[in-house]
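# okay, structure incoming, though there's no sequence with it:
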Ligand SMILES: NC(=O)c1ccc[n+]([C@@H]2O[C@H](COP(=O)([O-])OP(=O)(O)OC[C@H]3O[C@@H](n4cnc5c(N)ncnc54)[C@H](O)[C@@H]3O)[C@@H](O)[C@H]2O)c1
């Protein structure tokens, strides 16, 4: 932990502030990823059984894209932005100047151990901070690879990796930080926020929850095929459902449910074959704790009776088949807790518009997906519900769009990042106001009289006619 103290000195010395240092670190991070792609993908295979292509698509490739975007735009992000000032304040200029926050702490979760550690780090470095990265102990191969590679590529005096579990997390949280950026579950998020309150440290909480997908009746076979490929990929193809942005459950018109289930089953077969267990394109459940947690969701007989596809488990291999459930009870755990695994409940409604009330009566989701060919339905859902984001006719891809912020609302978290939003999150946008001594109106100072009050009222009303009269010495007559 001595190293952590040294970061503070580095920041004080101003090393991290220059554009040259920031660009140098981002370029080195880019090299770390491109020169070690195979080793990184191997660690992800070891921790999560991620296929090399999935690992590249969801972690390495996304990060390379984000770093290039930051490098391309950094000068512009760092530049002061002129702010308008009303004529009444003449002669005055104003600007917004971003400054680094200082020493930041990044906690990441196990499902995207590189993506969720390094995507915030890109923002922290671009904004000129020093940073401690605390990867999740639940993905140990990835954590130790990060701990090995980061000192080889980045400035050791400014960026360090601290590995460990709860004890290390608690030790880190006792310290004072300038920002804590936490990705994980809401329960630990509360602990982080409580610890941060002691030092009045700001926090970003990237949490999870149940992200629904509203599926409207899709009459075209082609639309169904495309929508199903996107949903299967967002559920089973992204870390086997262990993703904050995965589709947690589906809301659908009861008349369309059986067609949708047939379509999903067909896509599952195309993607993963007759026996998905033999497929190398589906990640595995991270550990025994999560395997047993998911198995227990299925143990409720009311839930197991609702399985319409899959449902098989294999204790020796901690494997659960891609599973579809039709109308499990709404008070069962599978419908009250975030699933974070390969189980997909489908909830039928009399009318798809009822999905709005369904969503609004539950905690605000991180992501909301709508599959429809009716833009009026999509618009209605956007306007009448609240969620971290809405994606129409696709799922999870919003995470890759640099011009969109990623983050939650309500119980799914607060704060946002990606692209320029990351830079802003790790910066303080400092307002600068500059005035000259050339011109002064003493009516803003005591001793007070009615004329001065009227002058101040005219200033706030931007009433230039009255102001001119005041300056010409007609203050009292003009304002009474
Ligand atoms: N919004 C997002 O971007 C996002 C991304 C991925 C996961 N998630 C959410 O994260 C959750 C899954 O992650 P998890 O929580 O199982 O991950 P996790 O167990 O890896 O924990 C997350 C981080 O918290 C740290 N931690 C553990 N105990 C702690 C403590 N007592 N105090 C402080 N920190 C502690 C861990 O070391 C880790 O770095 C899900 O709810 C998921 O939706 C959100």
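Right, received. Where do you want to start? Predicted, not measured: the structure shown is a model, and the values here were computed from it. Numbers count the residues shown, from 1 in each chain.
# please make it C-alpha for all contacts and neighbour counts, starting now.
Noted.
# buried residues in the helix or strand harbouring residue 53?
Assigned by DSSP states H and E, residue 53 belongs to helix 52-55. In terms of neighbour count (16 or more other Cα atoms under 10 Å), helix 52-55 has its buried residues at 52, 54-55.
# between those residues, which is nearest the ligand?
Nearest to the ligand among the buried residues of helix 52-55: residue 55, at 14.8 Å, using Cα to the nearest ligand atom.
# got the contact list for the residue nearest to the closest one when sequence neighbours are not counted?
Excluding its sequence neighbours, the residue lying closest to residue 55 (Cα to Cα, 6 or more residues apart in numbering) is residue 41, at 5.9 Å. Shown in contact with residue 41 (Cα atoms under 8 Å, 6 or more residues apart in numbering): 50-52, 55-56.
# so which bits of this protein are right by the ligand?
Contact residues (Cα under 6 Å from any ligand atom) of the chain with the ligand: 107-110, 134-138, 165-166, 169-170, 183-185, 188, 191-192, 206-209, 243-244.
# out of the residues you listed, which are buried?
By 16+ other Cα under 10 Å, the residues of the chain next to the ligand give 107-110, 134-138, 169, 183-185, 192, 206-209, 243-244 as buried.
# which of these fall in helices?
The helices, defined by DSSP state H, take in 169, 192 from those.
# in strands only, show me the buried ones among the residues of the chain next to the ligand.
Residues from these lying in strands, with DSSP state E as the criterion: 107, 134, 183, 206.
# you'd agree the third one is up against residue 108?
Same thing as residue 183. Yes. Using Cα atoms under 8 Å, residue 183 is in contact with residue 108, at 5.0 Å.
# just confirm residue 448 is within a strand.
No. Read with DSSP: H, G, I helix; E, B strand; the rest coil, residue 448 is coil and lies in no strand.
# what about it, neighbour count?
Neighbour count of residue 448, defined by other Cα atoms under 10 Å: 10.
# where along the stretch 151-300 of the chain do the strands fall?
For the stretch 151-300 of the chain, the strands defined by DSSP state E, counting those that start in this stretch occupy 159-161, 179-183, 203-206, 212-215, 249-253.
# and these as TSV, adding mean pLDDT and distance to residue 399?
Shown next, in TSV, are the strands of the stretch 151-300 of the chain (pLDDT from 0 to 100; distance: least, Cα to Cα, whole Å):
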stretch	mean pLDDT	distance to residue 399
strand 159-161	97	25
strand 179-183	98	14
strand 203-206	98	13
strand 212-215	98	16
strand 249-253	98	19
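# among those, which is nearest residue 80?
Distance to residue 80, taken as Cα to Cα, is lowest for strand 179-183 among those, at 22.2 Å.
# give me the residues contacting that closest one.
Outside strand 179-183, the residues touching it (Cα under 8 Å, 6+ apart) are 101-109, 116, 120, 189, 192, 196, 201-207, 426.
# quick one: mean pLDDT over the host helix or strand of residue 8.
According to DSSP H and E, residue 8 maps onto helix 2-13. Averaged across helix 2-13, pLDDT comes to 91.
# how about it: buried residues?
Of the residues in helix 2-13, 4, 7-8, 10-11 count as buried by neighbour count, 16+ other Cα under 10 Å.
# check stretch 349-369 too.
349, 352-353, 355-356, 359, 363-369.
# contacting residues around that stretch?
With contact meaning Cα under 8 Å, 6+ apart, stretch 349-369 is reached by 207-216, 244-245, 247, 251-254, 377, 381, 384-395, 407-413.
# how far off centre is that stretch?
Computed by Cα atoms, centre = their mean, to the nearest Å, the chain-centroid distance of stretch 349-369 equals 21 Å.
# show the average pLDDT along it.
Here the average pLDDT along stretch 349-369 is 98.
# and if you look at stretch 25-42?
Here the average pLDDT along stretch 25-42 is 98.
# likewise for stretch 286-300?
97.
# gap between that stretch and the chain center?
Using Cα atoms, centre = their mean, the offset of stretch 286-300 from its chain centre is 26 Å.
# buried residues of it, list them for me.
For stretch 286-300, the neighbour count (16+ other Cα under 10 Å) marks 286, 291, 294-295, 297-298 as buried.
# so which bits of stretch 157-171 are buried?
Those would be 157-164, 169, for stretch 157-171 by 16+ other Cα under 10 Å.
# related to what we said a few turns ago, list the buried ones in the one helix or strand the residue nearest to residue 55 maps to?
Under the criterion of DSSP H and E, residue 41 resides in helix 37-48. Residues 37, 40-48 are the ones in helix 37-48 that count as buried (16+ other Cα under 10 Å).
# kind regards, and thank you for your time.
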